[in-house]
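Undergrad: need a structure here:
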Amino acid sequence: GLALPLAEVGIAAIEGRARMADGDAQLARVTAARFSTPIVGLKTLTRRCRAARLLAVEARLVRCDLLLGWGARLKDRDLLQQALNEAELAADGLDPAYEPVSWARASAARGQAMALLGEIGGEIEPLAEAVNALADVLNDVSREHSPLDWARVQAALAQGLQALGEAGASERAYEQAVTCYDRAALVLKDLPALPLRAAVASNRALCLARSAELTGDLAVLDAAETAFRIELTNLSPARDPSAWALLQVNLARLYEARLDITGRDRGERAAAATALTAALEVFSEQGMRSLSVIAAEALERLGPTPRLRPAAG
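TA: Numbering: from 1, shown residues only. As a prediction, the model looks like this:
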């Protein structure tokens, strides 16, 4: 009885992730709708099979994760609101005392959706509410429950703090975000192929860059650049080209920050342009339109520069 709805959820998830780079909001809604039938099927089976209840929750969380990904890429408030509703439905009826991992996943997804909605509006109050919600999750779930889920919540909290720092130009929020990213990295350091590891490393360095811009402290910027180069050394562009390209974009951001702080160009402009060009090539090959736009806009800001080899470590 479980095989059919689980297969349907798996197929919808795989196809949804494969099409996420298309940047089509209507496709996102169609994909999300495909989860409805298997979720109903799993809920119908709960009387005959106790496992079906939590499997239905997991199916909702897979749909929520896809909606969060699409909504974040497209800056689509409706998709993010749909993700928030899905997370709340997933969390409904879960007991953190007896189902801590499922409850943590659903609550973390809810906090992420709240943070992304606040980030789109650039409003401090909803972002602060999202940060508090994610912090509450960490009060009830420990690293021992599920190390990877704990790391994901730490990363989600860090992203919320990062958005809060951006909205309020708060150096303190960036510092707290770096701390959360460091905690997540403790678990993720042994999982080099996990995309979350690259995202954590990139966002940590970006937080350091923004903190340096706010304070004018070049030492912070040096630490961020060192962290990026270490990550690039450990990452193969052939094995994970998208993560490698994302690191190149963010390394270019550090070069830009240094230019803004010092007002002097000691090769940073050319190095940034080279990193962005390399990243743009990868994003174009991978069909990652939104990231291609980000890299292209950054190149336009820099203007014409001589070409150098991209950073590799």
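Undergrad: excluding its backbone neighbours, what's nearest the spatially most central residue of the chain?
TA: Nearest residue to the geometric centre of the chain (CA atoms, centre = their mean): Ala199, 6.1 Å. Sequence neighbours aside, Ala155 is the residue nearest to Ala199 in space, at 7.2 Å (criterion: CB to CB, 6 or more residues apart in numbering). In short, each C-beta sits where N, CA and C put it, glycine included.
Undergrad: The one you found reaches Ala198, doesn't it?
TA: No. If you go by CB atoms under 8 Å, Ala155 and Ala198 don't touch, sitting 11.3 Å apart.
Undergrad: Secondary structure element holding the residue nearest to the centre of the chain?
TA: Secondary structure assigned from DSSP states H and E places Ala199 in helix 195-215.
Undergrad: for this structure, which helix is longest?
TA: For the chain, the helix with the greatest residue count under DSSP state H is helix 51-74.
Undergrad: quick one: buried residues of the helix or strand where Ala12 lies?
TA: Taking DSSP H and E as the definition, one finds Ala12 inside helix 3-19. Using 16 or more other CB atoms under 10 Å as the burial criterion, the residues of helix 3-19 that qualify are 5-6, 8-9, 12-13, 16, 19.
Undergrad: mind checking how far Arg77 is from Pro126?
TA: With distances taken as CB to CB, to the nearest Å, Arg77 is found 12 Å from Pro126.
Undergrad: again, but for Arg183
TA: Counting by CB to CB, the gap from Arg183 to Pro126 is 24 Å.
Undergrad: excluding its backbone neighbours, what's nearest Ser202?
TA: Nearest residue to Ser202, sequence neighbours excluded (CB to CB, 6+ apart): Asn250, at 4.6 Å.
Undergrad: any weak-confidence spans in the stretch 51-200 of the chain?
TA: Applying pLDDT under 70 to the stretch 51-200 of the chain flags residues 192-193.
Undergrad: Where do the helices of it begin and end?
TA: Counting by DSSP state H, counting those that start in this stretch, the stretch 51-200 of the chain has helices at residues 51-74, 77-91, 100-121, 124-140, 147-168, 171-188, 195-215.
Undergrad: Would you mind giving those helices as CSV with distance to Ser284 added?
TA: Formatted as CSV, the helices of the stretch 51-200 of the chain follow (distance: least, CB to CB, whole Å):
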stretch, distance to Ser284
helix 51-74, 16
helix 77-91, 25
helix 100-121, 26
helix 124-140, 33
helix 147-168, 26
helix 171-188, 28
helix 195-215, 19
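Undergrad: Check whether Ala295 really touches Phe283, as I assumed.
TA: Yes. Counting by CB under 8 Å, Ala295 touches Phe283, with 6.0 Å between them.
Undergrad: Mind listing the shared neighbours of those two?
TA: Shared contacts of Ala295 and Phe283 (CB atoms under 8 Å, 6 or more residues apart in numbering): Ala245.
Undergrad: for the buried residues of helix 3-19, which one is nearest Trp70?
TA: Ranked by distance to Trp70 (CB to CB), the buried residues of helix 3-19 are led by Gly16 at 8.3 Å.
Undergrad: Tell me the predicted confidence for that closest one.
TA: Looking at Gly16, its pLDDT stands at 89.
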